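In: Need the 3D shape of this:
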Amino acid sequence: MSGHSKWATIKHKKAAIDKVRGKTFAKLSRLLEVAAREGGDVSINAALRTVVSKAKAAQMTNEAIDRAIKRGMGETDGKVYESVTYEAYAPGGVAMLIDILTDNRNRTAADVRIIFSKQGGSMAAPGSVGWQFSRKGVILVAKSASEEELMTIGLDHGLEDITADEEMWHIISEPSQVYELKAAYEASKIAVSSATTTMLSANTVGVTDPADAKAILKIMHELDDNDDVQDVYANFDISETLIQEVG
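Out: The predicted model follows:
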């Protein structure tokens, strides 16, 4: 199990809270605006199609999605967001990529730097972390589903690997086929908890020191709470027991 997959599960459990306070929708709106700069037709704009699917999965209304797309296309007044990716190291040598959408690069860079420095981490030079990661599709399905059935259906729709934690199957796929695979499962009456594209590392760092684990999770939480941060990708491997102990 990769650290990012465990974090995906943690984020899934707290998704309802995020929706109540509006952070999920605010971040999705930014993604929609940026993707819509290349055109508002989802049949042509693959990036926008992916974000719209993600927004609908998060139960964002069609009206809110349309408003964000119109802002991105310049049909209504809106801020201009810049896409930036930061690279960093957390305690224990854990590598992190942080995807940003911001209207003020200097402010966001300072905020992210402070989050890492407070917990003993540091920002890294461009390229020093990114080479470890590749984009993949990740689908979460409850363990009540059969691994054999998941594999049988998935092999025809881009499935690459299946792993598991205590509650969920983590299904890795080609990024371009993740929503096709999700639809194939749902057509077979298999409930999908979430489906997204993400960056997974080829190398994982085992974390057993409680202080390092606590600092890493603190960094993840603070980045997740920052409005400018869209996604965080990391290569830590922390046991569920240790996560509960230091959480």
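In: Name the residues of stretch 101-112 that are buried.
Out: 101-102, 108-109, 111-112 (16 or more other Cβ atoms under 10 Å). All C-beta atoms are positioned from the backbone trio N, CA, C, and that covers glycine.
In: Apart from its neighbours in sequence, what residue is nearest residue 115?
Out: Spatial nearest neighbour of residue 115, excluding adjacent residues (Cβ to Cβ, 6 or more residues apart in numbering): residue 222 at 4.7 Å.
In: what's the neighbour count on the one you found?
Out: 18 (other Cβ atoms under 10 Å).
In: Kindly provide the distance from it to residue 233.
Out: 16 Å (Cβ to Cβ, to the nearest Å).
In: Check residue 147 too.
Out: 26 Å.
In: who has more neighbours, those two?
Out: residue 233 (23 against 13).
In: How about the contacts made by the more buried one?
Out: 4, 96-99, 133, 198-201 (Cβ atoms under 8 Å, 6 or more residues apart in numbering).
In: which SS class is the closest residue to residue 139 other than its chain neighbours?
Out: Distances taken as Cβ to Cβ, 6+ apart place residue 171 nearest to residue 139, at 4.2 Å, with adjacent residues excluded. Assigned with DSSP: H, G, I helix; E, B strand; the rest coil, residue 171 falls in the strand class.
In: Residue 171: neighbouring residues, count only.
Out: 29.
In: Check residue 29 too.
Out: A count of nearby residues for residue 29, using other Cβ under 10 Å, gives 24.
In: quick thing: my sequence starts at 47, can you match it?
Out: With the count now opening at 47, the last piece we talked about shows up as residue 75.
In: wouldn't it be in contact with residue 112 here?
Out: No - the pair formed by residue 75 and residue 112 falls short of the contact definition of Cβ atoms under 8 Å, at 11.1 Å.
In: Can you check which residues contact both of the two?
Out: Contacts common to residue 75 and residue 112, judged by Cβ under 8 Å, 6+ apart, are absent.
In: picking up where we left off before, so how far is residue 285 from the residue nearest to residue 185?
Out: In terms of Cβ to Cβ, residue 217 sits 21 Å off from residue 285.
In: likewise residue 131?
Out: 29 Å.
In: Just name the shakiest helix or strand of the protein by mean pLDDT.
Out: helix 61-67 (a mean of 48; mean pLDDT, DSSP states H and E).
In: all helices of this protein, in order?
Out: Using DSSP state H, the helices of the chain run over 49-59, 61-67, 69-81, 92-103, 108-118, 151-164, 193-200, 224-233, 256-271, 286-292.
In: Now do the contacts for the spatially closest residue to residue 167 that is not a sequence neighbour.
Out: Of all residues not flanking residue 167 in the chain, residue 136 sits nearest, at 4.4 Å (Cβ to Cβ, 6+ apart). Counting by Cβ under 8 Å, 6+ apart, residue 136 touches 142, 162, 165, 167, 258, 261-262, 265, 280, 282.
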